[in-house]
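S.K.: I'll drop the sequence and a predicted model, then ask my questions.
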Amino acid sequence: MTSPTTITPQAYMRAQSRWHPLEIAFWLATLLPFVLFPNYLSLASQITITALFALSLDIILGYAGIVSLGHAAFFGIGAYTAGLISKFGWGEPLTGLIIATTAAGLVGFAVSFIISRFRHFTLIMITLGLGLLAFEAANRAHWLTGGSDGLQGVSIWPVLGIFKFDLYGYTAYAYSLAALFVVFLAARLLINSPFGLALRGIRENWVRMPAIGAHSRAHIRKAFTIAAAMAGLAGALLAQTTESVSLESISFQRSADVLVMLVLGGAGRLYGGLVGAVIFMVARDQFSGIAPQYWYFWIGILLVTVVMVLPNGILGGLSHFYARWRRK
Amino acid sequence: MLPPVFGVLFDGVAYGMLLFVLSVGLSVTLGLMNFVNLAHCAFAMLGGYVTVTLVNDLNWPFLATLPIAFLAAAIVSMALERTLYRRLYRASDLDQVLLTIGLAFISVAIAAYIFGTTQQPVETPASLRGTIGVLGLDLGKYRLFLLGVALVVTMLLVVGLEYTRFGAQVRAAVDNQRMARGLGIDVDRTFASTFALGSGLAGLGGALAIEIVGLDPNFAFTYLVYVLIIVSVGGLGSIAGSFAAAILIGVSDVAGKYYAPELGAFLIYLVMVLVLMWRPAGLFGRR
């Protein structure tokens, strides 16, 4: 084994981007619901969409270290854009996705000029404020969004003209999963590129990065725009697969939930958001049947435990034990 | 005879005073330790529920419950500070946000479990009900009482911070923590006391708020937003800043609801984002 100091940068980047057998196993396992849980495919599709949303937050929070309490704003923009396009007569799903993603990305690009100027508490407050503004805007624009009644009358044409969205969620799950996989591949390339490395540098020390030639603010703007577009894509998927958009899709609750999932799974790891989303959504599905109002008690306990005991989330804890086991 | 706009102004200032009592503690602790405590309003909610229980179940007079609300919140916050908070003083913003959001979630669930999700009524003494006519305006007696309480709290805080040894230590630690440590001030202990004091004030604010805004388990999140807005607009660690920001937000909220109800909370969020973009450290912040 070579010691890390003798690895060339190129070899390091290549080693980072190599596929681990566990990763291949993970993606094969995502096909299991088709066979094992055919009655839970709508839940599986919701989980997939949430995982994509968590992945988008991971790009800015896990890698670039930007804490955002208003990320649902972009999810909501994507959802409402996709919903409105179809409501006004264009129900083709793929172009709908592209338009919604672009819309969220453009808003994200505009907002990124604000975001990149601030750090710490001010940044948290500004993201929170912008998220709440987006929520209030969607709530007040009743004539456009349906306000608290939700956006009704969305109808989506079959995917590629062949696969209709069915009641059991076959198409919905396959469609969301394909989208998640494609975006994940792109995110994986991005994170393992020099740009991804620069983002991690900004997370660790954003003052020092410009000294080695990486313009922190420009990098943050790019990462934020990409994350916003991804969140918009997730929102659009939800709008299309459920054929409705509720005000909940742009609420603070959604921003907080996705943060919890990401941290639970392990921020700063590509699979952190995915694993967190699976655990969170399955647990919520199981628990909320028993006592919906106390679900947040357990979330709270979980958060306190993760912060106190597992600072890098479940995946961080697992890889820590794996590393210790390897050394023995 | 004064035009009705003064009535709206009065209600706005009274509401602002309530928000000031709720938020001033968070402002000082954030300025002192840079600790992002999103569970601040959970302590306020605790104070509120203490008052509700004492008044409705044990028939205490409303005014006598206020000190108990203060003490209960202060004691619980101190216990949490000793066990959980202090381990995260040097942790990242994210960890602090997660821990305190977790605590707020737990508090909401516990409140819903014990008291249910309905609004809790509380009976105020007869002397605080009704209105007084001043120059043609009907001023609510309870709102006048709020103004009085907030002014007393402000006076005590200003005197306490300006003229006592403890106050001097707090100011030194807010201004330059490392220098204060170098001079032998036990900043951690100063912080623990300040934290208990600030949470106690939140508890008092929670008890006072029931009459104006009601009390249900979502209080910990609904008013958290207002408190955070005041703290960030006023500037961390600045009492004068919190005071000015609380009046600004209180008046804009009441005036917004009165003159432009279709805007809802839009106006306040907008005020906050614009102020922060213009002055990232808040109106009175120095950092």
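M.R.: Here it is on my side, so go on. Numbering: from 1, shown residues only, chains lettered A, B, ... in the order given.
S.K.: Which residues of the stretch 51-200 of chain B lie near chain A?
M.R.: For the stretch 51-200 of chain B, the residues in contact with chain A (C-beta under 8 Å from any C-beta of the partner chain) are B:84, B:87-88, B:91, B:93-95, B:97-99, B:101-110, B:112-113, B:117. No exception for glycine: its C-beta is placed from N, CA and C like everyone else's.
S.K.: Low-confidence stretches in chain B?
M.R.: In the predicted model of chain B, residues B:1-2, B:136, B:264, B:286-287 satisfy pLDDT under 70.
S.K.: What segments of it are helices?
M.R.: For chain B, the helices defined by DSSP state H occupy B:5-33, B:40-58, B:62-83, B:93-115, B:141-163, B:165-175, B:177-182, B:187-213, B:219-234, B:239-259, B:266-278.
S.K.: mind listing what's buried in the shortest one?
M.R.: Across helix B:177-182, burial judged by 16 or more other C-beta atoms under 10 Å in any protein chain shown covers B:177, B:180.
S.K.: Who are the packing partners of it?
M.R.: helix B:165-175, helix B:187-213 (3 or more C-beta pairs under 8 Å, 6 or more residues apart in numbering or on different chains; DSSP states H and E).
S.K.: Relative to residue B:253, tell me which of those helices wins on proximity.
M.R.: Using C-beta to C-beta as the measure, helix B:187-213 is the one of the helices and strands packed on helix B:177-182 that comes nearest residue B:253, at 10.7 Å.
S.K.: How many residues are close by residue A:125?
M.R.: Counted with other C-beta atoms under 10 Å in any protein chain shown, the neighbours of residue A:125 add up to 25.
S.K.: Please read the previous query as pertaining to residue B:17.
M.R.: Applying other C-beta under 10 Å, we find 25 other residues in the vicinity of residue B:17.
S.K.: Relative to residue A:294, how far out is it?
M.R.: 35 Å (C-beta to C-beta, to the nearest Å).
S.K.: for residue A:144, same thing?
M.R.: 36 Å.
S.K.: Which one of the two is surrounded by more residues?
M.R.: The neighbour count for residue A:144 versus residue A:294, taken as other C-beta under 10 Å, is higher for residue A:294 (16 against 13).
S.K.: what's the average pLDDT for stretch A:162-171?
M.R.: Averaged across stretch A:162-171, the pLDDT comes to 75.
S.K.: end-to-end on that stretch?
M.R.: End-to-end span of stretch A:162-171 (C-alpha to C-alpha, to the nearest Å): 10 Å.
S.K.: re earlier: hmm, which of the residues of the stretch 51-200 of chain B next to chain A are the buried ones?
M.R.: Buried, going by 16+ other C-beta under 10 Å: B:84, B:88, B:93-95, B:97-99, B:101-110, B:112, out of these.
S.K.: Might you list the low-confidence residue ranges for chain A?
M.R.: A:1-6, A:161, A:167, A:289-293, A:328.
S.K.: 50 instead?
M.R.: Within chain A, the stretches with pLDDT under 50 are A:1-2.
S.K.: contacting residues around residue 235?
M.R.: Using chain A. A:53, A:74, A:75, A:76, A:77, A:78, A:79, A:80, A:82, A:100, A:104, A:249 (C-beta atoms under 8 Å, 6 or more residues apart in numbering or on different chains).
S.K.: meant chain B actually
M.R.: B:27, B:31, B:241, B:245, B:281, B:282, B:283, B:284, B:285, B:286.
S.K.: Same check on residue B:187?
M.R.: Counting by C-beta under 8 Å, 6+ apart, the residues that residue B:187 touches are B:32, B:173, B:177, B:180, B:181.
S.K.: my read: the second one touches residue B:183, true?
M.R.: No. Applying C-beta atoms under 8 Å as the test, residue B:173 and residue B:183 come out as separate, 9.9 Å apart.
S.K.: And those two? Which one has more around it.
M.R.: Shown here are residue B:173 and residue B:183; by other C-beta under 10 Å, residue B:173 has more neighbours (25 against 11).
S.K.: Would you check how far apart that one and chain A are?
M.R.: 17 Å (C-beta to the nearest C-beta, to the nearest Å).
S.K.: same check, this time on residue B:213
M.R.: With C-beta to the nearest C-beta as the criterion, residue B:213 and chain A are 18 Å apart.
S.K.: what's the spacing between that residue and residue B:76?
M.R.: Applying C-beta to C-beta to residue B:213 and residue B:76 gives a distance of 22 Å.
S.K.: pretty sure residue A:125 contacts residue B:272?
M.R.: Yes. Assessed by C-beta under 8 Å, residue A:125 is found in contact with residue B:272 at 7.0 Å.
S.K.: Common neighbours of those two, please.
M.R.: Common neighbours of residue A:125 and residue B:272 (C-beta under 8 Å, 6+ apart) are B:229, B:232.
S.K.: Near residue B:251, how many residues? Count them for me, please.
M.R.: So residue B:251, with other C-beta under 10 Å, has 19 neighbours.
S.K.: what number of residues lie near the residue nearest to it when sequence neighbours are not counted?
M.R.: Distance criterion C-beta to C-beta, 6 or more residues apart in numbering or on different chains; nearest residue to residue B:251, sequence neighbours excluded, is residue B:12 at 3.4 Å. Using other C-beta under 10 Å, residue B:12 is surrounded by 22 other residues.
S.K.: so what's residue B:12 up against?
M.R.: B:247, B:250, B:251, B:252, B:253, B:254, B:255.
S.K.: CA atoms only: put stretch A:111-123 into PDB for me.
M.R.: C-alpha atoms of stretch A:111-123 as PDB (Å, rounded to 0.1, in the frame of the first residue of the first chain):
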ATOM      1  CA  VAL A 111     -30.400  34.100  -5.000                       C
ATOM      2  CA  SER A 112     -26.800  32.800  -5.100                       C
ATOM      3  CA  PHE A 113     -25.500  36.300  -5.400                       C
ATOM      4  CA  ILE A 114     -27.100  37.100  -2.000                       C
ATOM      5  CA  ILE A 115     -26.100  33.800  -0.400                       C
ATOM      6  CA  SER A 116     -22.400  33.900  -1.400                       C
ATOM      7  CA  ARG A 117     -21.900  37.200   0.400                       C
ATOM      8  CA  PHE A 118     -22.800  36.000   3.900                       C
ATOM      9  CA  ARG A 119     -21.700  33.400   6.400                       C
ATOM     10  CA  HIS A 120     -22.700  31.900   9.800                       C
ATOM     11  CA  PHE A 121     -25.800  33.300  11.600                       C
ATOM     12  CA  THR A 122     -26.600  35.900   9.000                       C
ATOM     13  CA  LEU A 123     -26.600  33.300   6.300                       C
END
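S.K.: Tell me if that stretch is near chain B.
M.R.: Yes. Applying C-beta under 8 Å from any C-beta, one finds stretch A:111-123 touching chain B at A:114, A:117, A:118, A:120, A:121, A:122.
S.K.: Which one of these is nearest to chain B?
M.R.: Distances from chain B to those, taken as C-beta to the nearest C-beta, are shortest for residue A:122 (4.6 Å).
S.K.: As a check, name the ranges of all helices in the stretch 151-300 of chain A.
M.R.: Listed in chain order, the helices of the stretch 151-300 of chain A (DSSP state H, counting those that start in this stretch) span A:170-191, A:194-204, A:216-242, A:252-265, A:270-287, A:295-309.
S.K.: circling back: I'd like the list of the contacts of residue A:235 that fall within helices, please.
M.R.: A:53, A:74, A:75, A:76, A:77, A:78, A:79, A:80, A:82, A:100, A:104.
S.K.: From what I see, the first one and residue A:259 are in contact.
M.R.: No. Here residue A:53 does not reach residue A:259: they are 10.7 Å apart, not a contact under C-beta under 8 Å.
S.K.: a markdown table for the ones in helices among the contacts of residue A:235, including distance to chain B?
M.R.: Listed next are those as a markdown table, based on distance: C-beta to the nearest C-beta, whole Å:
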| residue | distance to chain B |
| --- | --- |
| A:53 | 18 |
| A:74 | 16 |
| A:75 | 18 |
| A:76 | 15 |
| A:77 | 16 |
| A:78 | 21 |
| A:79 | 20 |
| A:80 | 17 |
| A:82 | 24 |
| A:100 | 24 |
| A:104 | 19 |
